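**Q** sharing a sequence plus its predicted fold:
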Amino acid sequence: MRQRILTVTQLNDYVTGLLSRDPMLRNVSLSGEISNFRVTSSGHAYFALKDEGALVRCVMFRSQLAGLRFRPADGAHVVASGYVSLYGRDGQYQFYTQAMEPVGVGELYRRFEQIKRALWEKGYFDQQHKKPLPLLPRRVGVVTSSTGAVIRDIWQVTRRRYPNMDLLLCPARVQGEGAAEEIARSIAILDSVEDVDVIIVGRGGGSMEDLWAFNEPLVAAAIFACKTPVISAVGHETDFTIADFVADLRAPTPSAAAELAVPRKEECMERLAALLVRAGGALETRFREERSRLALLRSGPAFTHPQRRMEQERQRLDFLDERIEQAARLRLEREKHGLDKLAARLDGASPLSALRRGYVLAQGEDGTVRTRAAQLVPDEIVRLRFADGEVRTKVQSVSADQ
Amino acid sequence: MEDSYEQSLKRLEEIAARLESGGMELEESLNLFEEGIGLYKSCAKKLDEAQGRIEMLVQQAEGFAAQPFDGTEEEA
């Protein structure tokens, strides 16, 4: 029996019919990983969904694409719903996607919000807990994978800014089972190293699942408890994880983290030198002031005309003398008044009154008073004090009464 | 405990400001300046203390040890 010879169109139509009549293929829920996702100028999306061993071509028309609540990208794990049909023109069977959602992401977002709320209430994100970065760290600690671009980028930026800066890596897996534990532990270990003055914690970009370890409360607690300041650098610029909220500072990329952690050595040196110049300059000015002052003194009247100086001094003293005299006179007046009264009382006993009565006071040349004739010798000069004056006389002879 | 770089620098800034504002005996100015010189020297020394090493902590029998880290070469 001769086989019926079909045209290609006929064949494709036949298969199309077959596919469309199968109820299972009219409504399929398919899970897989997106690859080769592209949107044409018409606005329709063409991609493939694959698993470990197989692949199916997909198309999603513009109208349905607009209704998506997430952005499809290569590598995303999704669950898609649609139907299977054949595109006659190229004989490809395709999965016509009508709706699509990332796998488990809804759940992840929910957990993220939950953790964020809980830690926020505990005060983990509070500004008051944030520590300032050191001006010059002795060593920079890094928690990240020992392979990959992150540690390389950090090292390159560090070396460029500060060539002799030391770096200490405490490696940790940054995704997958046990990653959160490793990250938390590495942070604690670096915190215990005395000369590590700042710690960078980070990883490269990825999906929310890839970054998930940095949302774990364990990691947040480790960052919060860390006494050394922590800079977080997780994912891309637009990714935010819990670690970013707890850290003392967030960097959009690992390179930016290194720039924050490490100053430029040149800048440090310049700043230091500038201070020395300031101090030296100020001292120099002071010296100049001192020298001017001395020069002024030396050129002044006190130094160039000593006579004049003495004159001035003398005048000053005279003035002072007069003041003293004035004061003394006033005092004397007061005293004299008192003395007169006293004198009057003492008059009877006073030697002056005896002189007034006609007695004579005899004094030797040396001024001592002679009260007995026996105290005198012949030829001695005697001073006789009368009430109205003094007489000097020589002793002729002395005869004492028996 | 030795002063940190930051503390020394701050003190040096204080000294510079103090000398600039004046009003001190010459003796005091000289003493301050000398202190400033000392701080400058110790800060400059600290800038050069790090040795440019990149190391990785590796678990040992007891605790950790720092080993030179090589994995920073560009991937071929």
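**A** Yep, it's here. Every value quoted in this text rests on a predicted model; they were computed, and no experiment measured them. Numbering: from 1, shown residues only, chains lettered A, B, ... in the order given.

**Q** now the helices for the stretch 251-400 of chain A?
**A** A:254-261, A:265-299, A:301-304, A:306-346, A:351-356 (DSSP state H, counting those that start in this stretch).

**Q** show me what the second one is packed up against.
**A** Think helix A:265-299. helix B:5-21, helix B:26-47 (3 or more Cβ pairs under 8 Å, 6 or more residues apart in numbering or on different chains; DSSP states H and E). (Glycine included, C-beta is placed from N, CA and C.)

**Q** give the buried residues for it.
**A** Buried residues in helix A:265-299, counted by 16 or more other Cβ atoms under 10 Å in any protein chain shown: A:Lys265, A:Cys268, A:Leu272, A:Leu275, A:Leu276, A:Arg278, A:Ala279, A:Gly280, A:Ala282, A:Leu283, A:Arg286.

**Q** on that earlier part again, can I get the helices and strands packed on helix A:265-299 in a markdown table with mean neighbour count and mean pLDDT?
**A** Formatted as a markdown table, these follow (neighbours: other Cβ atoms under 10 Å in any protein chain shown; pLDDT from 0 to 100):
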| stretch | mean neighbour count | mean pLDDT |
| --- | --- | --- |
| helix B:5-21 | 17 | 93 |
| helix B:26-47 | 16 | 88 |
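
**Q** quick check: closest non-adjacent residue to the residue of chain B found nearest chain A.
**A** Across chain B, the shortest distance to chain A (Cβ to the nearest Cβ) belongs to B:Leu19, at 3.6 Å. Counting by Cβ to Cβ, 6 or more residues apart in numbering or on different chains, A:Ala282 is the residue found nearest to B:Leu19 once chain neighbours are left out, at 3.6 Å.

**Q** roughly how far does that neighbour sit from A:Met269?
**A** 21 Å (Cβ to Cβ, to the nearest Å).

**Q** ok, A:Ser31 next?
**A** Following Cβ to Cβ, the distance that separates A:Ser31 from A:Met269 is 60 Å.

**Q** check contacts around A:Ile199.
**A** A:Val140, A:Gly141, A:Val142, A:Val143, A:Ile187, A:Leu190, A:Asp191, A:Cys226, A:Thr228, A:Pro229, A:Val230, A:Ile231 (Cβ atoms under 8 Å, 6 or more residues apart in numbering or on different chains).

**Q** near chain B too, which of these?
**A** Among the contacts of A:Ile199, the ones lying near chain B by Cβ under 8 Å from any Cβ of the partner chain are A:Leu190.

**Q** most neighbours among the contacts of A:Ile199, which one is it?
**A** The residue in those with the most neighbours, by other Cβ atoms under 10 Å in any protein chain shown, is A:Val142 (33 neighbours).

**Q** isn't that one right up against A:Asp166?
**A** No - the criterion here is Cβ atoms under 8 Å, and A:Val142 misses it with A:Asp166 at 11.2 Å.

**Q** how far off centre is stretch A:180-200?
**A** On the basis of Cα atoms, centre = their mean, to the nearest Å, stretch A:180-200 sits 22 Å off its chain's mean C-alpha point.

**Q** check stretch A:156-172 too.
**A** So, by Cα atoms, centre = their mean, the centroid of stretch A:156-172 is 22 Å from its chain's centroid.

**Q** end to end, how far does that stretch reach?
**A** For stretch A:156-172, the first-to-last residue distance is 20 Å (Cα to Cα, to the nearest Å).

**Q** go through it and flag the buried ones.
**A** Neighbour counts using 16+ other Cβ under 10 Å place A:156-159, A:161-162, A:165-172 of stretch A:156-172 among the buried residues.

**Q** next one: stretch A:209-220
**A** Neighbour-count burial for stretch A:209-220 flags A:Glu209, A:Asp210, A:Leu211, A:Trp212, A:Ala213, A:Phe214, A:Asn215, A:Glu216, A:Pro217, A:Val219, A:Ala220 (criterion: 16+ other Cβ under 10 Å).

**Q** and the contacts of it?
**A** A:104, A:108, A:111-112, A:115, A:118-119, A:124, A:173-176, A:179-181, A:183-184, A:187, A:201, A:203, A:232, A:234-235, A:239, A:241-246.

**Q** apply 6 Å and report the result again.
**A** Residues outside stretch A:209-220 that contact it (Cβ atoms under 6 Å, 6 or more residues apart in numbering or on different chains): A:112, A:115, A:119, A:124, A:175, A:179-180, A:183-184, A:234-235, A:241-243, A:246.

**Q** could I get the contacts of A:Ile199 as JSON lines with pLDDT?
**A** Shown next, in JSON lines, are the contacts of A:Ile199 (pLDDT from 0 to 100):
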{"residue": "A:Val140", "pLDDT": "98"}
{"residue": "A:Gly141", "pLDDT": "98"}
{"residue": "A:Val142", "pLDDT": "98"}
{"residue": "A:Val143", "pLDDT": "98"}
{"residue": "A:Ile187", "pLDDT": "98"}
{"residue": "A:Leu190", "pLDDT": "97"}
{"residue": "A:Asp191", "pLDDT": "97"}
{"residue": "A:Cys226", "pLDDT": "98"}
{"residue": "A:Thr228", "pLDDT": "98"}
{"residue": "A:Pro229", "pLDDT": "98"}
{"residue": "A:Val230", "pLDDT": "98"}
{"residue": "A:Ile231", "pLDDT": "98"}
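
**Q** keep only those of the contacts of A:Ile199 that are in strands.
**A** A:Val140, A:Gly141, A:Val142, A:Val143, A:Val230, A:Ile231 (DSSP state E).

**Q** closest one to A:Thr7 out of those, please.
**A** A:Val143 (65.7 Å; Cβ to Cβ).

**Q** show me the beta-bridge partners of that closest one.
**A** Legend: beta-bridge partners of A:Val143 under DSSP bridges are A:Val201.

**Q** surely it touches A:Arg185?
**A** No - A:Val143 lies out of contact with A:Arg185 (Cβ atoms under 6 Å); the separation is 9.3 Å.

**Q** which parts of chain A sit against chain B?
**A** Residues of chain A that fall close to chain B, judged by Cβ under 6 Å from any Cβ of the partner chain: A:135-136, A:146-147, A:152, A:155, A:163-170, A:268, A:272, A:275-276, A:278-279, A:282-283, A:286, A:290.

**Q** what's the domain layout of chain A?
**A** Listed by automatic domain parsing, the domain ranges of chain A are A:8-103, A:109-266, A:353-394.

**Q** just name the most buried of those.
**A** Highest mean neighbour count of the domains of chain A: domain A:109-266, a mean of 19 (counted as mean count of other Cβ atoms under 10 Å in any protein chain shown).

**Q** that older thread, what is the nearest of the contacts of stretch A:209-220 to chain B?
**A** Nearest to chain B, judged by Cβ to the nearest Cβ, of these is A:Ile183 at 13.7 Å.

**Q** for the nearest residue to the closest one once chain neighbours are set aside, give its distance to B:Met56.
**A** Leaving aside its chain neighbours, A:Ile183 sits nearest to A:Ala172 (4.7 Å; criterion: Cβ to Cβ, 6+ apart). Applying Cβ to Cβ, the value for A:Ala172 to B:Met56 is 11 Å.

**Q** checking the nearest residue to A:Val15 once chain neighbours are set aside next. Helix, strand or coil?
**A** Leaving aside its sequence neighbours, A:Val15 sits nearest to A:Leu86 (Cβ to Cβ, 6+ apart; 5.2 Å). Three-state assignment for A:Leu86 (DSSP: H, G, I helix; E, B strand; the rest coil): strand.
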